[in-house]
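K.L.:
Could you work out the structure for the sequence below:
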Amino acid sequence: MEFNLHKTQGLVALDEHRFKVLCCGRRWGKTTLAIDIMKARAAKKGARVAYVAPTYQQARDIAWEQLKSDCRNAMSSINEGRLELNWVNGSRIVLRGWESIETLRGQQFDLIIIDEVAMMRNFNLLWQEVIRPTLTDTKGEAVFISTPKGFNHFYELYGLTATDEDYKSFHYTTYDNPFIPREEIEKAKKELTEDRFAQEYLADFRKSEGLVYKEFSRIAHLYKELNPQTVIVKTIGGHDFGTNNPCAAITIRKDQDSRYWVSDEWYVAGKTDAQQADYITALKWDACYPDPASASGILEMKQRGINVRDVIKGSDSIRNGINTVKELFLTNRLKIHESCQNLIWELETYSYPDKKPDKNEEENPIKENDHALDALRYALMMDNQLSVKKYRPIIHKAPRERVNIAI
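P.N.:
Below you'll find the model as predicted:
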């Protein structure tokens, strides 16, 4: 096996911290580094190594072929279907997609490399519950690699180097790869917007370009527990139906000052309308605002006595709902519990499409990463409208005085 790392790759590879967080620009060479680190660890007899990409297909496309080629003289067998390499010395390298990360539960590893961490949904929970325990018995190591995507969980992970001695963070740009022609980088700099170039090539943490909810801030809008003096006047919920796609139920508590506290989320795929209605029944919301597009789902809810309220959809309903949520963030009247990881992930990734030349910008966002956000929007848009109508001041007009004019 051969190792051919450039200078900054070598600095990461030789570092002895247990958990390494690598924030790097595109084409810096993270795949080459990941493969070489895996090879070096597997060269130790009986090592267990895992590489995790955002999806199974990406794991195959990014690292599989190169790993097979580099390790061909050390392998005893290959499992193409499971993406596993078994070595003659008893070591094993497995490749997985984040969507099937639960398959690692209960296993033991000496090293896990997680690629494109910023793209992974519900990362904090799954790292703590599934991945971190696999490193306990072996005192295993982990390498987290990503190009940043806004100020999401990867930003928090990158900052652990300041508070946890097991962590070491590295930051490198595309310019740090001596094999990438500088003129190509400069050409990209001219073609891309400043924010996009800074994020993708300089690995700079920026608000994602085109992000819908730029007003959202983890510092300003997340909470751990309610103040005991907060008086909750009602509990409402929004629900976005889904079977193959996830359904999303968002529980929202409204206090005496008309502030909204998102306290819980239910985000799961594979549930029937009846199962979703059963779950909503158990939540005992004072009012439920479901997606009006699912007549069968709403019928199931009504049959269980759920207080279903109408959600009015029109040509501007998405834009109006988004504006409602934005305004609540701006006025600091909307708080999200830190456990609502799917909702937080969607807030940090929900984006408008890129503007096309000679065309107006799109009014509505890309239809993805929006299940929990749709549920949130339904409830807040409709309840806020009711509040405005209920508390709108009544203006009494003074009677006109009669004036007699002599002609």
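K.L.:
going forward, measure contacts between C-alpha atoms and count neighbours the same way
P.N.:
Fine.
K.L.:
Would you agree Val21 is in contact with Val143?
P.N.:
Yes: checked against C-alpha atoms under 8 Å, the pair Val21 and Val143 is within contact range at 6.0 Å.
K.L.:
mind showing which ranges of the stretch 101-250 of the chain have poor pLDDT?
P.N.:
Applying pLDDT under 70 to the stretch 101-250 of the chain flags residues 209.
K.L.:
Now do the strands in it.
P.N.:
Applying DSSP state E, counting those that start in this stretch to the stretch 101-250 of the chain gives strands spanning 111-115, 141-146, 167-172, 222-223, 232-240, 247-255.
K.L.:
Tabulate those (CSV), appending distance to Ala188.
P.N.:
Output for the strands of the stretch 101-250 of the chain, formatted as CSV (distance: least, C-alpha to C-alpha, whole Å):
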stretch, distance to Ala188
strand 111-115, 23
strand 141-146, 20
strand 167-172, 17
strand 222-223, 36
strand 232-240, 40
strand 247-255, 39
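K.L.:
Can you say which of those strands is nearest to Asp354?
P.N.:
Of all the strands of the stretch 101-250 of the chain, strand 141-146 sits nearest to Asp354, with 22.2 Å by C-alpha to C-alpha.
K.L.:
ok, back up a step: for the strands of the stretch 101-250 of the chain, give me CSV that also has distance to Asn369 and mean neighbour count.
P.N.:
Shown next, in CSV, are the strands of the stretch 101-250 of the chain (distance: least, C-alpha to C-alpha, whole Å; neighbours: other C-alpha atoms under 10 Å):
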stretch, distance to Asn369, mean neighbour count
strand 111-115, 20, 25
strand 141-146, 19, 22
strand 167-172, 28, 18
strand 222-223, 19, 18
strand 232-240, 12, 22
strand 247-255, 11, 24
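K.L.:
which stretch among those strands comes nearest Gln341?
P.N.:
With C-alpha to C-alpha, the closest approach to Gln341 among those belongs to strand 222-223: 10.8 Å.
K.L.:
So what are the sheet partners of the closest one and their directions?
P.N.:
Under the criterion DSSP bridges, strand 222-223 sits next to strand 334-337 (parallel) in its sheet.
K.L.:
The next helix or strand after the strand it pairs with packs against which elements?
P.N.:
As assigned by DSSP states H and E, the chain's next helix or strand after strand 334-337 is helix 341-347. Packing contacts for helix 341-347, counted by 3 or more C-alpha pairs under 8 Å, 6 or more residues apart in numbering; DSSP states H and E, involve strand 260-268, helix 371-391.
K.L.:
I'd say Thr174 and Asp204 touch.
P.N.:
No: the pair Thr174 / Asp204 is not scored as a contact, 11.3 Å apart, by C-alpha under 8 Å.
K.L.:
ok, now which ones touch Phe19?
P.N.:
Applying C-alpha atoms under 8 Å, 6 or more residues apart in numbering, we find Phe19 in contact with 141-144, 166-168.
K.L.:
coming back round to it: which among the strands of the stretch 101-250 of the chain is found nearest to Asn332?
P.N.:
The nearest among the strands of the stretch 101-250 of the chain, by C-alpha to C-alpha, is strand 222-223 at 10.7 Å.
K.L.:
where do the helices sit along this protein?
P.N.:
7-14, 30-42, 56-59, 65-70, 123-126, 153-158, 182-191, 194-200, 218-221, 273-283, 295-303, 317-330, 341-347, 371-391 (DSSP state H).
K.L.:
And Ile312, how close does it get to Ser76?
P.N.:
Taking C-alpha to C-alpha, to the nearest Å as the measure, Ile312 falls 62 Å from Ser76.
K.L.:
pLDDT score assigned to the residue lying closest to Leu343 once chain neighbours are set aside?
P.N.:
What sits nearest to Leu343 in space, not counting adjacent residues and going by C-alpha to C-alpha, 6 or more residues apart in numbering, is Ala372, at 5.4 Å. Note on Ala372: pLDDT of 96.
K.L.:
got it, and Asn360?
P.N.:
Here the pLDDT value assigned to Asn360 is 60.
K.L.:
Spit out the contact partners of the closest residue to Gly242 other than its chain neighbours.
P.N.:
Setting aside the residues directly before and after it, Gly242 is nearest to Ala269 in space (C-alpha to C-alpha, 6+ apart), at 6.7 Å. Neighbour list for Ala269: 242-247 [criterion: C-alpha under 8 Å, 6+ apart].
K.L.:
Most neighbours among the residues you listed, please name it.
P.N.:
When neighbours are taken as other C-alpha atoms under 10 Å, the top entry among those is Cys247 (22 neighbours).
K.L.:
Next up, the contacts around the residue nearest the centre of the chain.
P.N.:
Residue closest to the average C-alpha location in the chain (C-alpha atoms, centre = their mean): Trp345, at 2.7 Å. With contact taken as C-alpha under 8 Å, 6+ apart, Trp345 is in contact with 121-122, 152.
K.L.:
Just give the nearest non-adjacent residue to Cys340, would you?
P.N.:
Leaving out its chain neighbours, the residue that sits closest to Cys340 by C-alpha to C-alpha, 6+ apart is Glu265, at 5.8 Å.
K.L.:
So what pairs up with the one you found in the strands?
P.N.:
Under the criterion used (DSSP bridges), Glu265 bridges to Ile250.
K.L.:
if we can go back for a sec, just name the closest of the contacts of Phe19 to Tyr289, please.
P.N.:
Phe144 (39.3 Å).
K.L.:
thinking again about what came up before, please identify which of the helices of the chain is closest to Val231.
P.N.:
Here helix 371-391 is closest among these (C-alpha to C-alpha), at 17.0 Å.
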